[in-house]
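Engineer: requesting a structural model of the entry that follows:
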Amino acid sequence: MKRSELNVVIIISIFFSIIIGIGYLWLNNDGVNIKTGFKAISFGITCITLFWTFYINYGWKWPVLKKLFYRPNISGTWSGEIVSDWKNEAGETVKPKSIFVVIRQSFLRINCTTYTDTFIGKSYSETFSLNKIRGIKNVVYLYRKETSYKGDNINNEGATELRLIESEVNRLEGKYWSNTKTNGTIKLIFIAKNHVDSYEKNQSLVSKKRFY
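Structural biologist: As a prediction, the model looks like this:
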């Protein structure tokens, strides 16, 4: 959570704790003393705590409540293609290949798992780059190849930056860089809210769909 967001949380919490506390005293009509004041403060803090617990777990996805903080929901399974600038010894480039990215997101965290026909990659450092005024909705993450279907032991790592394009069908488009000195582009389209855990299962979701 950014410092600006934390400041908003603090301001909202203090303001509504006071309002709720005053409402508690008014409804109970017990008069103001140390005992009732403590009860009012405790009740206000409890209500605010319950609200933020609900918001962080569920409320940030709701159309009305998600306006409180600028945080797009990109959780789910995304499918598309990856185009690499890698060339073989003959100077030939490789063809675009199918790629799936499974994104697990909460209000505070985001995790990305990449599936291709040759490897599975997992992110280990992720962040949103968001600016509502400028319309910037980017997700940036560092990744590491966890599993290779080819059986090699190359420790591939890299970085990916994807731009969210919100439309009737949401898209993620951007670039990646790796420590093997290969770069490329990635284009993805949202296909499912659930999180699919294998390349084969992902393929079955899009077997009858056409993307690019």
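
Engineer: just to be sure, residue 42 is in a helix?
Structural biologist: Yes: counting by DSSP: H, G, I helix; E, B strand; the rest coil, residue 42 is part of a helix.

Engineer: measure it to residue 103 for me?
Structural biologist: Using C-beta to C-beta, to the nearest Å, one obtains 39 Å as the distance from residue 42 to residue 103. Bear in mind the C-beta positions are built from the backbone N, C-alpha and C, glycine included.

Engineer: more neighbours, those two?
Structural biologist: residue 103 (23 against 13; other C-beta atoms under 10 Å).

Engineer: what's the following helix or strand after the one helix or strand that one maps to?
Structural biologist: Following DSSP states H and E, one finds residue 103 within strand 97-105. Per DSSP H and E, the first helix or strand lying C-terminal to strand 97-105 is strand 110-115.

Engineer: quick one: strands adjacent to that next one?
Structural biologist: Strand 110-115 pairs in its sheet with strand 97-105 (antiparallel), strand 119-131 (antiparallel), by DSSP bridges.

Engineer: got the buried residues for the first one?
Structural biologist: For strand 97-105, the neighbour count (16 or more other C-beta atoms under 10 Å) marks 98-103, 105 as buried.

Engineer: and the strands paired with strand 110-115, which one is worst for confidence?
Structural biologist: Mean pLDDT is lowest for strand 119-131 out of those, coming in at a mean of 90.

Engineer: I'm done for today, thanks for sticking with me.
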